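A.B. asks: with the input below, show me the fold.
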Amino acid sequence: MKILVSGGGTGGHFFPALALLEFLTEKGIKVKFIGSQRGIEYKLRERIPVESLFLPSHPFMGRSLKDKIKAVVKNLKSAIEIAKFIKGEDKAIVFGGYASLPLGVASFLKGIPLYVHEQNSIPSQSNKLMSKFAKRIFITFEYSKRFFPAHKTIKTGLPVRKSLLEGRSISKEEALKKLGLENLPTLLVMGGSQGASFLNEIAKEIFSKTGWQGIHITGERDYEKVKNLYEEKKLKVLAFAFSHDMHLIYKASTIALTRAGASSITELSLYGIPSLFIPFPYAIYDHQFYNAKEIEELGGGITLRQEEASLEKVIANLERLLSDLEAYSSNISTFSNPVACNSITEYIFE
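C.D. replies: Presented below is the predicted three-dimensional model:
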């Protein structure tokens, strides 16, 4: 028996899948990963610790009629390819997005148990479809319960990579020292795996006006421009295009200014970092707003719509987080489940 795992296209679908892959592999469970040739998972394929198959699956949502037809054909062909090596005792888990649809369809065709993990508060169309024939649906946000059958929906939280779980044991002082920062309150700014131009622009203004110490993850596109500005103004801000040492960055951070993807929220929660969320306004179904509002309702952060996010409002809300840091930190820490991988695995083998 083997577990087939699929999820990708974007980091939000891929990194939780990668976390589960790592966990299952450590437990000695036979696993195979299935992804898309055009997704982030293919670019990061060297980090996948198991046998992998990358297929020409194609996105459907928001595409022209011609591209939608192409997507249906490619995804069906990919499903047939997967079905060839599925055995009767195998099981499958998908993490949503176009990259996981072929495995979901192949599981249905072969009649093997399918499990779905939904990262966001509002599910993708692919997960809604696959949930109809899934054995279990695992969710991250309470809000998602309204979209799935109650009898097979379980809130497990989001799987997180082992390096991030273990990184919590480092002290804040050690993390700051390794990053070359002073022992001062530190603002983390990040916009998800693709960066965020709006956050990058307002971050430059925030650090220039306040002189705060910070860490800014810019994404590739704006990295040089942002880094050069901080160096020219001699600001106490570290800029990274991307980092594989997020455990150090989270541990060194006091508060965060961020988008509201499920992975970012979960990781910030693990490290108890109160956050000001400015959700990506064009996220499908506005799911980032609902992600952020759940944390705000827990008392772990503040949500601002991008159109309301003036420099003055952003700084005022960051100061609000700093003024009641302990309470915000304690509240956001209640969101994540550090043993999500273990919980999911137990349900798969029940």
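
A.B. asks: so where do the strands sit in the stretch 201-350 of the chain?
C.D. replies: 213-217, 237-240, 255-258, 275-277, 301-303 (DSSP state E, counting those that start in this stretch).

A.B. asks: surely Met1 is in contact with Glu89?
C.D. replies: Yes - at 4.2 Å, Met1 and Glu89 qualify as touching, with contact defined as CB atoms under 8 Å. To be clear about C-beta, it is placed using only N, CA and C from the backbone, and glycine gets the same treatment.

A.B. asks: for Glu118, which of the strands of the stretch 201-350 of the chain is the nearest?
C.D. replies: strand 275-277 (19.2 Å; CB to CB).

A.B. asks: contact partners of the closest one?
C.D. replies: Strand 275-277 has contacts (CB atoms under 8 Å, 6 or more residues apart in numbering) with 255-260, 265, 268, 288, 291-292, 295-296, 300-304, 314, 317-318, 321, 332.

A.B. asks: against Ala83, how distant is the most centrally placed residue in the chain?
C.D. replies: When CA atoms, centre = their mean is applied to the chain, the residue found nearest the centroid is Ser263 (2.4 Å). Separation of Ser263 from Ala83 (CB to CB, to the nearest Å): 30 Å.

A.B. asks: repeat that for Leu304.
C.D. replies: 46 Å.

A.B. asks: same question, Glu267
C.D. replies: Using CB to CB, Glu267 is found at 35 Å from Ala83.

A.B. asks: just Thr266 next, same as before
C.D. replies: Distance, Thr266 to Ala83, using CB to CB: 33 Å.

A.B. asks: now the nearest residue to Met190 once chain neighbours are set aside: how far from Asn331?
C.D. replies: Nearest non-adjacent residue to Met190, counting by CB to CB, 6 or more residues apart in numbering: Ile217, 4.1 Å away. From Ile217 across to Asn331, the span is 24 Å (CB to CB).

A.B. asks: neighbour-wise, which of these two wins?
C.D. replies: Higher neighbour count among Ile217 and Asn331: Ile217, with 26 against 20, using other CB atoms under 10 Å.

A.B. asks: give the bridge partners for the more buried one, please.
C.D. replies: On DSSP bridges, the residues paired with Ile217 through beta bridges are Met190, Phe240.

A.B. asks: so it touches Tyr250, yeah?
C.D. replies: No - the pair Ile217 / Tyr250 is not scored as a contact, 11.0 Å apart, by CB under 8 Å.

A.B. asks: list residues touching both of these two?
C.D. replies: By CB under 8 Å, 6+ apart, the residues touching both Ile217 and Tyr250 are Leu188.

A.B. asks: how far away from the center of its chain is the helix or strand containing Leu109?
C.D. replies: In this structure, Leu109 is located in helix 101-110 according to DSSP states H and E. Distance of helix 101-110 from the chain centroid (CA atoms, centre = their mean, to the nearest Å) equals 24 Å.

A.B. asks: run me through the strand neighbours of the helix or strand that that helix is followed by, direction for each.
C.D. replies: As assigned by DSSP H and E, the chain's next helix or strand after helix 101-110 is strand 114-118. Using DSSP bridges, the strands paired with strand 114-118 are strand 91-94 (parallel), strand 136-139 (parallel).

A.B. asks: so which of those strands is the most surrounded?
C.D. replies: strand 91-94 (a mean of 26; mean count of other CB atoms under 10 Å).

A.B. asks: convert the C-alpha atoms of it to CSV, please.
C.D. replies: The C-alpha coordinates for strand 91-94 follow below in CSV (Å, rounded to 0.1, in the frame of the first residue of the first chain):
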residue,chain,number,x,y,z
LYS,A,91,-5.0,5.8,-0.6
ALA,A,92,-4.8,9.4,-1.8
ILE,A,93,-4.8,12.9,-0.3
VAL,A,94,-5.1,16.1,-2.2
